[in-house]
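K.L.:
Show me the folded form of this:
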Amino acid sequence: MSSQELKCRSCERKVVSPVMCMNCNMTFHPSCTVQAGYSKDARMSASSLSSSDIDAIVTRLSDVLQVQLDKLKREMRNEYFEQIATLTVKVTELSLQHEVYVKDIAEMKMTVDSLRRENIDLRAKIDNNVGVCDIESFCAESNDRVSRELGVEEEYARVLKALRLGKKSSKPRPMKVITASSEVALEVLKRNKRMVKPYRMYNDRTVLQREHLTKLRDEVTEKEAKDSVRDVEQLYVANGPNSEKTIFGGIPPRSPDECHCDTLEEIQLHVPNASFLICGDYNIPARWVDEQFELCPVLDTVFLILTPF
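P.N.:
Below is the predicted model of the structure:
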């Protein structure tokens, strides 16, 4: 068989300069040997290959290898960028968590420092009481001032010192009473509250307690300034180391008697064994909202509840 009659087993076309497999005697174009898979595991007869055929085979192999190499580079590049993106997201999340932890630790430190200062302040003030009276005497002895102005009984009037708070003015200044111990201060406070006289006495407050009362007073003022008043306003205030609670409640004037009874029953459920002091002006007009539906000045009924020690 002449070379003109030979056909390539890969593309089925005539072969002018064939390449023949020495194992199976199959003929191929030089450029079809790679596509047919004989370049790896078959031995070709290169006796009839020219330099141009060899160059074509090398070029074809180089192109195939270059395509595979480019594909491998793209895959590696995509995988690299995906890993970088994943790591970037994780680093961002860890950074945000770190910021949250730092903020929480700072807040906890501020809270601990505040509690430490409050504890130190409370220990410094637990032996003291503060009394307010309508008069301001100039007795030389501290015991005389406490006994006359604050009405403390003689056996409990033995104090270490009594100091005036603030500068002199037209109004009587509060008086700080420094006792020998917290037990004496508590006993003076208990006995003093049982008596009805034109003065009042309370524990010496810390900075945190004063800030709390100031904030509470502002909130009450805002409530009173609103255009409407709820049927019952209750305000719970905790003060003193003995955990005594003072509860103020307000009921609009000329309300039905059931409102007063319901309020007292509700407070008794939450504060059992409490004593009540009810005060208010029951002679104000029933029409406490004018024609323009604007709130008139109102004197609410007030409940002052003192829990037992």
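
K.L.:
Quick check: which ranges of the stretch 101-250 of the chain have low pLDDT?
P.N.:
Across the stretch 101-250 of the chain, the stretches falling below the confidence threshold (pLDDT under 70) are 134-135, 140, 148-149, 151-160, 191-200, 217, 219-250.

K.L.:
which residues touch Q83?
P.N.:
When contacts are counted by Cβ atoms under 8 Å, 6 or more residues apart in numbering, Q83 is found next to no other residue. (Glycine included, C-beta is placed from N, CA and C.)

K.L.:
and K14, how many residues sit next to it?
P.N.:
14 (other Cβ atoms under 10 Å).

K.L.:
swap in L208?
P.N.:
Counted with other Cβ under 10 Å, residues neighbouring L208 total 14.

K.L.:
Once you drop chain neighbours, what's closest to it?
P.N.:
With Cβ to Cβ, 6 or more residues apart in numbering as the measure, E118 is the residue that lies nearest to L208, at 4.9 Å, once sequence neighbours are left out.

K.L.:
Now that neighbour: which helix or strand?
P.N.:
Secondary-structure assignment from DSSP states H and E places E118 in helix 51-125.

K.L.:
Give me the next element, helix or strand, following that helix.
P.N.:
Sequence order places strand 128-133 as the next helix or strand after helix 51-125, per DSSP H and E.

K.L.:
Now do that following strand: which elements does it pack against?
P.N.:
Helices and strands in packing contact with strand 128-133 are listed as helix 142-150, strand 175-178, helix 182-193, strand 199-203; criterion 3 or more Cβ pairs under 8 Å, 6 or more residues apart in numbering; DSSP states H and E.

K.L.:
contacting residues around the second one?
P.N.:
What that stands for is strand 175-178. Contacts of strand 175-178 from elsewhere in the structure, counted by Cβ under 8 Å, 6+ apart, are 127-133, 145-146, 149-150, 152, 159-165, 185, 188, 201, 204.

K.L.:
Derive a ChimeraX selection command for the buried subset of those.
P.N.:
Buried members of the contacts of strand 175-178 can be picked out in ChimeraX with the line below, counting by 16 or more other Cβ atoms under 10 Å:
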select :127,128,129,130,131,132,133,145,146,149,150,152,159,162,185,188,201,204
